[in-house]
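Trainee: Dropping a prediction and its sequence here:
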Amino acid sequence: MTTKTMTRCYRFQHVDFEPDLRLLVWPDQTETQLTVNETQLLEVLCYFAGEVINLQALYDKAFLQPGSNNDLNQPPFDLNTILVSLSRKLERNGSMAIPIQVLPNYGFRVPLPDKTCRLVHTVKENTQSGPVAPSAKPELSATEYIVKHSLFHKISVLLLALAGVALFLLSEFY
């Protein structure tokens, strides 16, 4: 049995980050599982990619739930420990796949992703041993699918182009 899941993805040059599945997917299709805290932290950094986010704002957006009494309900998180653990998982071949830039006295920043997208993540179920390693494949959005495959869309674009040419020609005569 195969299960397909639509996931959000931040695509960087050397890795895809899929926060919905808490995964880093490498170009060779190997995957690195992230903890919930690592995922929340990286997701906030990616959401604000290119911008400097200060330590308090990063902590608040990643770990505090709005509308709850956070002092009683939320355990304290050590951002340094989470950042070190996340940095180890992001390192591949001696370099950071998603460099987390630390700007002393200002905050943190990651570069803009090459692309943000949705992927279809396929998980093959093996009845004896559970899920088999999933693989991520890009899927066309509904708009991309219509533009590339819909005959009705192609005909309507052609008719609009012909109407534009006709209007241009009529305006030249009058």
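Mentor: That came through fine. Numbering: from 1, shown residues only.
Trainee: contacts and neighbour counts: CA atoms only from here.
Mentor: Fine.
Trainee: any chance you could map the strands in the chain?
Mentor: Using DSSP state E, the strands of the chain run over residues 2-11, 16-18, 23-25, 31-33, 91-92, 95-96, 101-103, 107-109, 115-126, 130-131, 135-138.
Trainee: Just say which of the ones you listed is most tucked in.
Mentor: strand 16-18 (a mean of 25; mean count of other CA atoms under 10 Å).
Trainee: Please enumerate residues in contact with it?
Mentor: For strand 16-18, contacts defined as CA atoms under 8 Å, 6 or more residues apart in numbering pick out 7-11, 23-26.
Trainee: Could you find the closest non-adjacent residue to residue 100?
Mentor: Leaving out its chain neighbours, the residue that sits closest to residue 100 by CA to CA, 6 or more residues apart in numbering is residue 110, at 5.0 Å.
Trainee: I'd say that neighbour and residue 50 touch.
Mentor: Yes - when contacts are counted by CA atoms under 8 Å, residue 110 is listed as touching residue 50 (5.9 Å).
Trainee: Which one of the two is surrounded by more residues?
Mentor: Neighbour count, other CA atoms under 10 Å: between residue 110 and residue 50, residue 110 has more, with 20 against 14.
Trainee: who touches the more buried one in this structure?
Mentor: For residue 110, the set of contacting residues under the criterion of CA under 8 Å, 6+ apart consists of 45-46, 49-51, 98-101.
Trainee: can you list the domains in this protein?
Mentor: Split into domains by automatic domain parsing, the chain comes to 2-138, 142-173.
Trainee: Take those and write them to TSV, including mean pLDDT.
Mentor: What follows is the domains of the chain, written out as TSV (pLDDT from 0 to 100):
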stretch	mean pLDDT
domain 2-138	80
domain 142-173	83
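Trainee: Pick the most buried one from those.
Mentor: domain 2-138 (a mean of 15).
Trainee: Quick one: residues contacting residue 9.
Mentor: Residues in contact with residue 9, defined by CA under 8 Å, 6+ apart, are 16-19, 116-119.
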